[in-house]
Structures are given as C-alpha cells and as structure tokens.
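> The sequence and its predicted three-dimensional model are supplied below.
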Amino acid sequence: MDAWIEFGRGPLFRLCFTLMVLGLARIAVLTVIGMVEALKKNEDKIVPWRELFNKTFTWLVPVTVLFRTRPVYSLVSFLFHIGLIITPLFFTAHVLLWKRSVGFGWFTLPQSLADYLTLTVIVGGLLLFLMRVLYGPARAISRKQDYVWPLLLVIPFLTGYLCVNGSISAATYRWMMLMHVLTGNLIMVMIPFTKIAHCILIPFSQLVTGIGWKFPRGAGDLVIETLGYKDRPTWVEKPRLGCESMDRVEREADDK
Amino acid sequence: MKPLITEQERETAFKFPKKQEIIDKQRLPVRYHVEDFDVEDRPRRFLEAFAAILKHTNYRFVLDHYVKVSAKCSRCAVACQIYLATGDDQDIPCYRSELLLSVYRRHFTMSGILRGRIFGDPGLTDEQIQEMADSFWNCTACRRCHFECPVGIDHAIVTHLGRYILSEIGIAPRALVVSTREQLIGKTGNTSAIPVPALLDSLEFLSEDMEEEKGIDIPFPIDQEGAEYLFVPAVSDFLMEADTLMGNAAVFRATGDSWTVGTGYFDGINYGLFYSDHVLEKVVQKIEAEAERLKVKKILIGECGHASRSAYFFYPTFCGGKDALPVINIMEYTYQALKEGRIKLDPDVVTEKVTYHDPCNIVRSGWIVEQPREILKAFCKNYVEMTPNRRNNICCGGGGGTVSIDEIRPYRTMVGGRVKADQIRATGAKYCVAPCANCKKQLRELMEDNGIDCEIVGLHDLLYKAIIFESAKKSEVIRGENSRNHMEEV
Ligand code: SF4
C-alpha cells in the first residue's frame, strides 16, 4: 500500500503533472497562434488592446462585476475557486514534496488557514453541485461533466482534510491517502481535455472575442466562390450580392 | 424560472403569422417569412457553408476557444431579456450558442469526428437546423450576456455566425433580404427605396420648415465635394425622422463646419451586421465609394446604433485598416461642439421629464456612453436615468435586425421588449430619448402595445427644440408673418 502511495506521488505524479502542463501549454499556444493568424489574415489590425486587457483583468479578479448577477452562487463559486487554486499550491506538505524532488520549495500557508480553505472547497463544491441540480436554467444547459466535476474536485480535498485532521486508523489513513493521490493525479490529467481548461484559457477569452469581431476583407466573396453558388439555380441565382450577379441584373435591365 | 409574460401573452407572441402550407413546404417552423429556397439536403449544405466560412474567415479559433472554455455556469440566463420574459430553457444564451457550438464540435473537431464514427452518430439533422433558424432570430444580438460571462464568451458572435451560415443556405428573414437586395443591386440603392429626386424634395422641404421655425436659413448641403463630413444616417430617417434630421442640420448650421449628403449613396443601414458578413462588407464599401467620390475627410453617421457600429468598427475592416477614413457618430460631433461652446441651447424649452435609452450597438463597447447624457443634461432640467443603464442597459427588444421583421411584432413587443417596457414605465418620463432608428421604431411599437404614455424621440429632435441662433431674425415675427400668409391663402 505504501509503495502505491509512494508511486502515486512520485513517478505517477510526475507523469500526470507533465501531461497537464504540456496539455495546457498546447491549448495556450494554439490559442495564441489562432489570434496571430487571424490578425495576419485581417487587413484591419486595430484592436482595442487596452480595453481588452482591462476586461481580462476585471474578470480574472472579478470582485467588481461578479456579484451583480446571482450573488449567492457567484460568492460560493468565487470562494471555491480561491480555495481550489491556493490550497494545493501552498499547502505545507505539498511544498515539502516538491522540495524533496526538485530541491526547492516556496511560501506555505499556515495550517489553520489551509484547513479553512479546504473546508471552503469541500462545502463550496457540494453547494455548487446542489445549485446545479436545483436551479432550472443551470440544469438545462448542463452536460455530464458539469455534474461530475464539482464532486470529483471535492474528493482530494476531503480525503486530504481527513488525513490531516481526522482521527482515523492507520489503515483508513492509507486508503484515504491513496485516494487523495490518485484522484489528484486523475484531475490533473483530465484538466486539459475538459472544461477545466478554462483555467488557462480565461486570460485569452476577451482577446479572442475582441479579435473574433474583426473580419478578413473579401472573405464573403471567397465563401460564395467556394460554395460554387454562381451557377446554382437556387435562391442565390436571384439578384444577389456578388458583383457578377449585379452586372447580370443590370444587363438584363438594359436589355429590357 | 417564472416567466414575466402570462400564458395568454405567450400565445399571442408565439403565434405563427404564416400559412401552414408555407411552413410545411419550407419545412421551417419559424415566425418570420423566408424567401423560397432549396429545402432538400439541408444538413449537408449547411455543413458545406459552415466549412466554407470557417475556411475563409477567422471564426474557427473563436469557436475552438468557446468550445473548450465554456463552463456552463448559467449566470448569463438572467442577463438576457428574452429569457427573463419567457423563462424558456431554449432562451438561455448559453443554450442558444450551444446549438451551433455542438455542430462545430461534432463536425469540425477531431474528437467530435472520431466520436461520431465510433458511436455511429449521424450528425447534424434537419431538426437542429430548424431549431437554430428559430433560436438565432429570437436573440436580439444585444451582447448583454457577454458582460455576465465569467469565462468571456460572447454569445452574440455565435448568433452572428449562425445567422450567416443559415443565410448562405437561404434561410434569412425576407424583410432583411429584400431591403438589402434593393440597397446593393436595386435601382435606388438604398433599403427604403427612396429615389434621389424624392430625397432632394424632402430635404428642401425640411429646410423651408426650419427657416420658418428658427428664422434662419438652415441648408442640407448636397454633393459638396471636399466637405469635411459625409453624412450617412439610417435612410429611414429621411422618411420618418424629420425632427432628427432638422436637429442634425441645425447643429451644423450653428458650428459652420462643412458637411454633405451624397446623392450617390446616403444609406447608413447595414443589415449585414445582422445576418451576413458578405452583405456587411458590400454595404460598408458603398459608403467608401461615395466618400471617395466626394473626397470627404470623415464619415459622419446619424443617430442609429447599428449603422454606427457597422461603420465605426467595420469601415477599417473592409476599407483599408489604419488608413481608412475616421468614422464618427453625430452625437460625438454635437458633444464636441457643445463643449467648445459652438452651440447654444435654451434650458427652458424642454421642461418635461426626459430619460435616455442606450442603444446596444453603440454603448456595449463603451464607445458612446456619456456624450449624449452630457448633451441632454445641458438643456433638459428634468433628466432621469433608467436602471440599469449605460453599458449594462437592457436592449429595446428589437435589436439584431428583428425590428425590421414586421410579422413578429407581437413577439417583439411582448417578449423581446418586455423588460424594457417595465423599465421605461418605472421612470415615468414624458420623453424617452433613443438615438437609433431601430430602437425608435421598436420602442414606439412597444409603448403603443403596452399602453405606456411616453414619447420616443431622437436626441437631436429635442435639441432642435432648444437650439438658439443668435443671428436669427426674431422668430416670433417670422412665425406671425407666416401664419398670416397662411391664413390669407386659406
Ligand atoms: S445577445 Fe442579448 S438577446 Fe441574445 S442571448 Fe445574449 S442577452 Fe439574450
């Protein structure tokens, strides 16, 4: 059992972590390439950078905008995210593990704070799940993964909390720890392929939208050409936009 | 969620104005009229059009991003005035955009194609197309939901693309298609089919009117080569918004800057913004051609939200990027003139309660927010705001081109504009200023159908009442003389 745990937080962790980093990096790079290519294709390269960066920042730290809609849900979600990001990164035992393998560590959270954050995540995750189930509009747009994620995310936090604070037997402790390590790894692997990819994508969102509203010149004509509409005896044959049909209509008018 | 509309209202709003046989023939249960098109093999042709558009435009990376980032938090639901009114799940912004995003995921991403193969999923169906054709034209493309999305999705861009693809296979509201056809290849070259002589007549008539009322000659310069500004209002203003036009002309008379209406092209309306990037481009380029013909220095768009947005944001896109002529909205111009003290306004003319409606197309981007407010506050004593306002304002309910579709009026005034109507009613204002041709039409119908006593006006309509010309002959005298003449004639 101990060997399994060791394997989970040693080689398996390294593998999963690398996969996560590579996966996320791939997504980020693809997004940036998409933006650059779009800008290259466009004649119009005027992008309201400042406004877009402002918006990006506003939504990265959404304290000014988040609570005007569905305040309770938003607050729960906000706290949940804080705990979710901070605790795994700055939890003392985690940092020690890093120190052991890569040789350096960093700032750690005081134990009591870590405990509170962990509890926030646990309660928050369960509440988010419940709100999804109980709130009609949320149910209407939810996919399977949307129900699974909040619960899945709670597991490593719950097991971690029990391992640190619970008065449990050594055997249960091992089981808990194994669960903790395995779900943690599983989550990392899944991040780039599921909606949790938003953790890396959000900083790009406003830029993507901003650039997305800029269209390449002449694309409309090319689309028509690709579709071969000029010869099609369907509705497009009626007077339409292409200059060709425009000429034709004029010619017909002249003939008359 | 509990809808705002009653069951009875729902029935009226969602009634089909079309004959059942047409719906059957076109296999398209939508409330707007559509010109006949090829109904066979629609899914395949939809996908072809989708592919062609993805190939030549930039939408792919946007969709890619949205597909991955969407967290389905459902905060957007209560931002949407349509959803608030109907309470139907289909009207949640995220639900709406998922209609197209799911097609993208299934047919244009690796994992989707693979999954399709493995599970034998046949892919896009006719029903899905019908649902999209309905849903995308229920949305007013107001972009309000974008401002509630924590992950930054702009559902309106998805709606925009969806409508574009649909239009490529022949599904677009007939009202818009017919107007655009007249504008791009018709004889008159504008959406309202106004011939140039009629335009000149009505402008002359307005000038005479203004001279009578203000005691000073206020011209509409026509085809002035080398003028500073080419004036392009929504063409419907020439037919229906005489007061707005007079206000525009009066401002220029006061400042003395050179401006001109071009007889070659004088229509700011651009339905392309609503259903086809192709049309969008062609229309914007018509403005460019006229600007080049008259060698003007700037493009000046009248009081119209979508006309302003389609020129301001897409003139550079389709007419030369950074080197394109600058585009401004008339309210920016007036605001500047007011700040510089070049126009005088009488603060005692408009004493009634006035409120201001922000047209989505100019306010969401933060472009025109305070300027009209400053102008109004300069001469309206009793100015009130509606809530919410500014960038967070609620759409009039006729955005995204839906206002031009007359057959869906019950839908617009009961569902689309429901929240807006309550909002305006709450202000108790006598005048609601809506500086947009679309908003004006929609709001007037909204007031009428909901029995609200509030007059919808343009900003320059009010300004025209209050503007003073110091060099003018005494207006009372003039008015007196005229009425005397008039009486003699009678
Ligand atoms: S763009 Fe406006 S109408 Fe359309 S879904 Fe979003 S909030 Fe609703």
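Arrived safely, thanks for sending.

> List the contacts of residue B:231.
B:248, B:259, B:260, B:261, B:266, B:300, B:302, B:330 (Cβ atoms under 8 Å, 6 or more residues apart in numbering or on different chains). For the C-beta atoms, the positions are set from N, CA and C on the backbone; glycine is no exception.

> if you set the cut-off to 6 Å instead, what comes out?
Contact partners of residue B:231, counting by Cβ atoms under 6 Å, 6 or more residues apart in numbering or on different chains, are B:259, B:261, B:300.

> Show the low-confidence segments of chain B, by residue range.
Along chain B, segments meeting pLDDT under 70 span B:472-490.

> Could you chop it up by domain?
Following automatic domain parsing, chain B resolves into domains at B:7-170, B:180-467.

> Please state the offset of the first one from the chain centre?
Offset of domain B:7-170 from its chain centre (Cα atoms, centre = their mean, to the nearest Å): 21 Å.

> Is that domain positioned near the ligand?
Yes: using Cβ under 6 Å from any ligand atom, domain B:7-170 reaches the ligand at B:79-80, B:82, B:93, B:96, B:139-145, B:155-156.

> Is that domain positioned near chain A?
Yes: using Cβ under 6 Å from any Cβ of the partner chain, domain B:7-170 reaches chain A at B:37-38, B:52-53, B:56-58, B:61-62, B:65, B:68-69, B:71-72, B:74-75, B:77-78, B:89, B:92, B:94-95, B:148, B:151-152, B:154, B:157, B:170.

> Residues touching stretch B:12-26, excluding its own?
With Cβ under 6 Å, 6+ apart as the test, stretch B:12-26 has contacts from B:29, B:31, B:407, B:410, B:411, B:414, B:415.

> Considering the residues you listed, which is situated nearest to the ligand?
Set against the ligand, the nearest of the contacts of stretch B:12-26 by Cβ to the nearest ligand atom is residue B:415 (10.4 Å).

> give me the element residue 51 is part of.
Using chain A here. If you go by DSSP states H and E, residue A:51 is part of helix A:49-60.

> if you could check chain B rather than the one you did, that'd help
Under the criterion of DSSP H and E, residue B:51 resides in helix B:42-56.

> who are the neighbours in contact with residue A:13?
residue A:185.

> can you count the residues close to the closest residue to chain A within the stretch 201-350 of chain B?
When scored by Cβ to the nearest Cβ, the stretch 201-350 of chain B has residue B:278 as its residue closest to chain A, at 2.8 Å. Around residue B:278 there are 25 other residues, counting by other Cβ atoms under 10 Å in any protein chain shown.

> just residue B:205 next, same as before
Other residues lying near residue B:205 total 11 when counted by other Cβ under 10 Å.

> for residue A:116, same thing?
14.

> same deal with residue B:343?
For residue B:343, the number of neighbouring residues by other Cβ under 10 Å comes to 23.

> List only buried entries from the residues of domain B:7-170 next to chain A.
B:37, B:52-53, B:56-58, B:61-62, B:65, B:68-69, B:71-72, B:74-75, B:77-78, B:92, B:94-95, B:148, B:151-152, B:154, B:157, B:170 (16 or more other Cβ atoms under 10 Å in any protein chain shown).

> Of those, which belong to helices?
B:52, B:53, B:56, B:61, B:62, B:65, B:68, B:69, B:94, B:95, B:157 (DSSP state H).

> which residue packs closest to the fourth one, ignoring adjacent ones?
Among residues not flanking residue B:61 along the chain, residue A:34 sits closest, at 2.8 Å (Cβ to Cβ, 6 or more residues apart in numbering or on different chains).

> related to what we said a few turns ago, columns distance to residue B:365 on top of the ones in helices among the buried ones among the residues of domain B:7-170 next to chain A, output as a markdown table?
What follows is these, written out as a markdown table (distance: Cβ to Cβ, whole Å):
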| residue | distance to residue B:365 |
| --- | --- |
| B:52 | 29 |
| B:53 | 24 |
| B:56 | 25 |
| B:61 | 21 |
| B:62 | 17 |
| B:65 | 20 |
| B:68 | 25 |
| B:69 | 21 |
| B:94 | 22 |
| B:95 | 25 |
| B:157 | 13 |
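
> which one among the residues you listed gets closest to residue A:192?
Closest to residue A:192 out of these is residue B:68 (9.0 Å), distances taken as Cβ to Cβ.

> From residue A:214, how far out is that closest one?
Separation of residue B:68 from residue A:214 (Cβ to Cβ, to the nearest Å) stands at 21 Å.
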